[in-house]
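Engineer: Sequence plus the predicted model coming up.
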Amino acid sequence: MMRIKAFLAMGVAFVLAQIFAFPALAKEGAGASSDGGARTSAVSASTDRAKASDNAKTAPKKELSSKNSSEKTLKENKAHKKKDKRNLTRSVKNIKAALSDADIIEASKPFKDISPFEADSDFKPVCLIDEIVFAHLKERGLTPAKLCSDAVFVRRAFLDLTGKIPSPSKAKSFIDDKSPDKREKLVNELLGSSEFCSYFSMLFCDFLRVKAEFPINLWPNAAQAYHRFIYKSLEDNIGYDEMTKRILTSEGSNFRIGEVNFFRAMQGKNAEGIASCVALSFMGIRYEGLSETKKNELAAFFSRVSYKSTKEWKEEIVFDDPSKRKPFLGVFPDGTTVALSAEDNPRKAFSDWLCKRGNPYFARAAANRIWNWLFGVPVVSPVDDMFASNPPVSQKLLDELASELEKSDFNLRAFCKTILMSRTYQQSSIPTCDPEKARENFGVYGVRQLGAEQLIDAVCSVSGTSESYGSTTPEPYTTMPDDASAVSIPDGSITSSFLELFGKPPRDTGLDAERVVSPSTSQRLHMINSTHVRKKIESGPALRQIYRLGGQKAFERLSLAILSRYPTYDERLAFRDYVPMKDNKNSWLKLVDSAWAMLNSEEFLNRH
C-alpha cells in the first residue's frame, strides 16, 4: 500500500511539474526573443538611418499588425492555460479516485474468504419449530444448512414481508449494525409497515379472486371495495379468524360492503359454487375431490344466499333469502351435526365451527399457506389440496404451525414473526447435503424466482423509474397512478405485458398454481435484451446518480442497490480489471454493463 501511495504521489508531482512548467518555459522563450531583437536593432541602427524616412510611412501599418499579433498570442496563451488547468484537474481527480479505489479494495481483502451468503454458525434450535425440523432431518440422515448472512437476511425479510428489496442505505445500515437483536428489530419494523399490508393484501387477493373482469366479473368499484376490506383488515391487525367470519357472514351492497364480494368472486353464483370457493380458500381442499354426500352437506350451509340488482349500474346486493328460512339440520365436514331454527343463520354456524380452535381444517390450511409464502416450501403441496391422500411432509411440523397460529389468536403479524425468527427460516439457501432432499425436508431455505410484481418493483426501485398499469377491457378502462407499485395493484384485471410474461396469476380460480414462478426463455431474453429493461438500466435516474460516483464507490453502491450486499474482494478485483483508471471514456458504459450483469444474475432474480 505504501508503494502504491508513493507511486501515485510521484505521479501527482510529475503531472503538476509538467503543467506548471509549460507557462514558465513559454514566458522565458518569449523574453529571450525580445532581448535578442533589441540587441540586433542597436547594432544595425547606424546603417538603417538612411531608410528611416521610408519606414516612417509604413510604421502605422506595422504597429497595427504587431498589436493584432500580440492580442492573438495573448488569447492563445489564455486558451492553453485553461486547457492545462482542465488537464490538471482531470489528472488529479483520476489519481485521487485511483487512490480511493485502491484503499477500498485493500480494506475488503481481510474478508475475501468470508461467504456473502452464509454465516459460520451451526443449526441451534431456538423454538419448537426448529426442534421438530432438526429431528425430522436427523431421522433421514440429513443436515440443516448454515445460518444465512445478515445481507441475505435483510433482503429475504424485505421480500417475504413487503415484496420489495431494501434500499442501498437500509441494506448498508443493517449489515454494519453490530446489535445482537437487529434481526428481530428489522422484522418488527417490516411487520408494522404499510408495505406489509400492501404485499399481503396482494397475496390474499390472489386466492380470494379479486378481479373486476371476466370470468370473475366483480366490476372495478366492487374489486376496489373488496381490496380495501382486505387491506384494512391487515392494517388494523384483525385476527384471521375474525376476518374470515366477517367474509362468510357478510351481506349488503358489493360497492359498499367489500367483503360481500367473496360471494360474487366466483364463476358459479350458487350454493355449490360458494361451497367450492369456501373449501378451497379456507379449508385447503378441493370441492371436486369430496364425495357427493360431503358436497351436498357443505353446500347446504350456503343455500339461502341470494343476489339482487339495484338502480345503480352493476351494483348488487348479497342477502339471505327470507323465503328459504326453515329449520336446518346440517352436517359439518368433520361429521359433527348442528340443528338450527328458521331464524338462525347457517352461514354463521358454519363460520363459528370453521374458525373454532382445534378445527382440523382452518388453522392447518392457513398456517401451511403462510409458511409457503415465507419459506418457499409447503408442508403440504399444493397448499390447496390437503386431503388425507396427500399427506404432509411432516405432520408434527404442520400441527405445530397450526398451534402457533391458534396461540397467537390468529394474529398474522405474530405468526409471521414466529416463522421469521425461527432458525429454520434463517437457514442459508446453500444446502449441506443432498440439495433435493434438503429442500423437500426443510433443510435449506427454498430458492424460487421473484414473483412478477416483486421483480418489476425491484427493477424500478433500483433504477428510479416507474411502470404503467391498466386493464385491457373497456368496462371501463382502469389505470394506476404513475408512482404505484405492482404489489399495490388492487384488481387482478389491471396488469402489464411484463407482469403477464413473468407469471402474474389471472385470479380466475384462486388456485395456488395460477402463479407461475418457473423461469422461461422468454423471461430471460426480456431481462437480457429488451429495450424496456435496457432503458431503465441506461437512463434510470437512481442508477445514473450511482454511475456519477465512478470507480469502486459506484460499484459498491450498485451492489448494495441491486444485490443488497457489499461486493466481495474478488468481485472488486474483477471490476477493477474491467474498468481501469485510465479508461475514462468508457467507464460510464462499463458501469452500465455492471448494472446489467447484476440485474440478470440468479442472485437478483431469485429469493434466496
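Structural biologist: All right, it came through fine.
Engineer: Tell me where the stretch 101-250 of the chain has helices.
Structural biologist: 128-139, 150-162, 168-176, 182-191, 194-207, 220-235, 240-248 (DSSP state H, counting those that start in this stretch).
Engineer: between those helices, which gets nearest to Y287?
Structural biologist: helix 194-207 (14.4 Å; CB to CB). Every C-beta, even on glycine, is put in place using the N, C-alpha and C of the backbone.
Engineer: Flag every buried residue along that closest one.
Structural biologist: The neighbour-count criterion (16 or more other CB atoms under 10 Å) identifies 195-207 as the buried residues of helix 194-207.
Engineer: Ranking the helices of the stretch 101-250 of the chain by mean neighbour count, which comes first?
Structural biologist: Mean neighbour count (mean count of other CB atoms under 10 Å) peaks for helix 150-162 among the helices of the stretch 101-250 of the chain, with a mean of 23.
Engineer: how far is it from where the chain is centred?
Structural biologist: Taking CA atoms, centre = their mean, to the nearest Å, the mean C-alpha location of helix 150-162 is offset from the chain mean by 9 Å.
Engineer: just stretch 342-362 next, same as before
Structural biologist: Taking CA atoms, centre = their mean, one finds stretch 342-362 lying 39 Å from the centre of the chain it belongs to.
Engineer: measure that stretch end to end?
Structural biologist: 27 Å (CA to CA, to the nearest Å).
Engineer: what do you get for stretch 158-178?
Structural biologist: Terminal residues of stretch 158-178 lie 19 Å apart, using CA to CA.
Engineer: Let me see the contact set for F350.
Structural biologist: Applying CB atoms under 8 Å, 6 or more residues apart in numbering to F350 gives the contacts L248, F301, F302, G330, F332.
Engineer: confidence score at the last one?
Structural biologist: Looking at F332, its pLDDT is 98.
Engineer: which residue packs closest to it, ignoring adjacent ones?
Structural biologist: W353 (5.2 Å; CB to CB, 6 or more residues apart in numbering).
Engineer: is it true that the one you found lies in a helix?
Structural biologist: Yes. W353 sits within a helix when classified using DSSP: H, G, I helix; E, B strand; the rest coil.
Engineer: quick one: contacts for F498?
Structural biologist: Applying CB under 8 Å, 6+ apart to F498 gives the contacts A452, I456, E467, H526, H532.
Engineer: of those, buried ones?
Structural biologist: Counted by 16+ other CB under 10 Å, the contacts of F498 give A452, I456, E467, H526 as buried.
Engineer: So which of these sit within helices?
Structural biologist: Among those, the residues falling in helices (DSSP state H) are A452, I456, H526.
Engineer: My read is that the second one contacts A486, right?
Structural biologist: Okay, so that is I456. Yes. I456 lies in contact with A486 (CB atoms under 8 Å); the separation is 5.2 Å.
Engineer: Now do stretch 503-514, average pLDDT.
Structural biologist: pLDDT averaged over stretch 503-514 gives 97.
Engineer: got the CA coordinates for it in CSV?
Structural biologist: The C-alpha coordinates for stretch 503-514 follow below in CSV (Å, rounded to 0.1, in the frame of the first residue of the first chain):
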residue,chain,number,x,y,z
GLY,A,503,-46.4,-15.2,-14.4
LYS,A,504,-48.8,-12.9,-12.6
PRO,A,505,-51.8,-15.0,-11.6
PRO,A,506,-55.1,-14.3,-13.5
ARG,A,507,-57.2,-14.8,-10.4
ASP,A,508,-59.7,-16.9,-12.3
THR,A,509,-59.9,-19.9,-9.9
GLY,A,510,-58.0,-18.9,-6.7
LEU,A,511,-55.7,-22.0,-7.1
ASP,A,512,-52.1,-21.5,-5.9
ALA,A,513,-50.9,-23.0,-9.2
GLU,A,514,-52.1,-19.9,-11.1
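Engineer: what comes into contact with it?
Structural biologist: In contact with stretch 503-514 (CB under 8 Å, 6+ apart) are residues 205-211, 215-216, 267, 277, 280-281, 369, 372, 382-384, 451-453, 492, 495, 515-518.
Engineer: Can you classify the closest residue to I165 other than its chain neighbours as helix, strand or coil?
Structural biologist: Residue nearest to I165 in three dimensions, not counting chain neighbours: A458, with 4.8 Å by CB to CB, 6+ apart. With three-state DSSP as the basis, A458 sits in helix.
Engineer: measure A458 to S108 for me?
Structural biologist: For A458, the distance to S108 (CB to CB, to the nearest Å) stands at 25 Å.
Engineer: For K112, grab the count of nearby residues.
Structural biologist: Around K112 there are 11 other residues, counting by other CB atoms under 10 Å.
Engineer: Now do the contacts for it.
Structural biologist: T568, Y569, D570.
Engineer: what sits against the second one?
Structural biologist: The contact partners of Y569, by CB under 8 Å, 6+ apart, come to I105, S108, K109, F111, K112.
Engineer: With distance to F415 added, can I get these in CSV?
Structural biologist: Converted to CSV, those look like this (distance: CB to CB, whole Å):
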residue, distance to F415
I105, 45
S108, 39
K109, 43
F111, 36
K112, 40
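Engineer: Check those and tell me the two furthest apart.
Structural biologist: I105 and F111 (11.4 Å).
Engineer: Looking at these two, which is more packed in?
Structural biologist: More crowded of I105 and F111, by other CB under 10 Å: I105, with 16 against 12.
Engineer: that older thread, show me the contacts of F350 that map onto strands.
Structural biologist: Judged by DSSP state E, the subset of the contacts of F350 located in strands is G330.
Engineer: now that we have the contacts of F350, which one has the most neighbours?
Structural biologist: Across the contacts of F350, neighbour numbers were computed from other CB under 10 Å; F301 holds the maximum, 29 neighbours.
Engineer: Can you name the residues that contact that residue?
Structural biologist: A275, G330, P346, R347, A349, F350.
Engineer: Recalculate using a threshold of 6 Å.
Structural biologist: Residues in contact with F301 (CB atoms under 6 Å, 6 or more residues apart in numbering) are G330, P346, F350.
Engineer: can you check P519 too?
Structural biologist: Q449 are the contacts of P519 under CB under 6 Å, 6+ apart.
Engineer: change it to 8 Å
Structural biologist: Q449, L605.
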